[in-house]
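K.L.:
Here's my sequence, what's the structure:
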Amino acid sequence: MDRRDVAPLACRASASLARYTHSHTIVLVVSGPSGVGKDSVVKLLRQSGHPFEFVVTMTDRRPRKGEVEGEDYCFVTTAAFEEMIARGEFIEYARVYGQYKGVPKSGAKHALKSGKDVLMRLDVQGTATIRERVPEAITVFIAPPSLDTLVERLHRRAGDPPEQARHRLETALSELERIQEFDYVVINREGELEATVAQVMAIVKAEKCRTGREPVRL
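P.N.:
Numbering: from 1, shown residues only. Predicted structure coming up:
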């Protein structure tokens with residue numbers, strides 16, 4: 001058979017295959033209410049060996065005990081944060097519990113250009129904004145195994161004044177009602193953190209094989 005007879009078909013088939021022979025970078029957003037263990041999940045994801053680039057959220061609040069600048073958050077003054085808002089330097093930002101939190105564009109763009117997958121840890125409100133502005137993002141809701149477990153975890157948190165603790169619980173309960181807005185839900189059971197992370201990594205691997213995935217544009 002003369003290959004010229006199938007040349008147009010071969011050209012189209014090759015173009016179709018090429019989309020999947022090179023792995024696309026993705027944006028993975030890990031979210032959920034306070035007390036579900038988002039920080040612990042993200043920490044293990046970053047240690048998994050997968051080429052994630054963690055985009056550190058910026059905030060104007062003071063660091064909590066044990067938090068590391070540039071690892072947990074980037075801490076800036078309120079004035080500096082508002083200057084960045086005016087310059088349009090955030091993918092998304094919001095005022096949560098009276099404090100600013102936002103995701104700088106520069107970190108995410110750098111990661112995608114370098115061929116790494118972007119990893120973000122956001123609250124539910126921030127994730128909703130990312131969904132609007134980066135529709136290709138994959139959103140994972142980390143959920144507690146039960147409401148009682150969530151309440152117990154929140155009560156174990158230290159440092160919050162009573163009024164803020166009550167507001168945090170109310171916010172967490174309202175955020176649980178928004179689970180259906182996410183692409184995936186992963187239950188973080190007590191003592192099974194590694195299994196939780198394994199489920200999230202399974203989602204990442206499946207998404208990289210999914211047909212119809214569009215390149216991320218920021």
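K.L.:
Tell me the confidence at the residue lying closest to residue 214 once chain neighbours are set aside?
P.N.:
Sequence neighbours aside, residue 136 is the residue nearest to residue 214 in space, at 5.4 Å (criterion: CB to CB, 6 or more residues apart in numbering). Just so you know, the C-beta spots here come from the backbone N, C-alpha and C atoms, and that holds for glycine as well. In this model, residue 136 is scored at 92, pLDDT.
K.L.:
Helices along this protein, start to end?
P.N.:
7-21, 38-46, 78-86, 105-113, 124-133, 147-156, 162-176, 193-209 (DSSP state H).
K.L.:
Buried residues, the last one. List them.
P.N.:
The neighbour-count criterion (16 or more other CB atoms under 10 Å) identifies 196-197, 199-201, 203-204, 207 as the buried residues of helix 193-209.
K.L.:
Residue nearest the middle of the chain, spatially speaking?
P.N.:
In the chain, the residue lying closest to the centroid (CA atoms, centre = their mean) is residue 29, at 1.8 Å.
K.L.:
give me every residue that touches that residue.
P.N.:
120-122, 127, 130, 137-140 (CB atoms under 8 Å, 6 or more residues apart in numbering).
K.L.:
Mind checking which of those are in strands?
P.N.:
120-121, 138-140 (DSSP state E).
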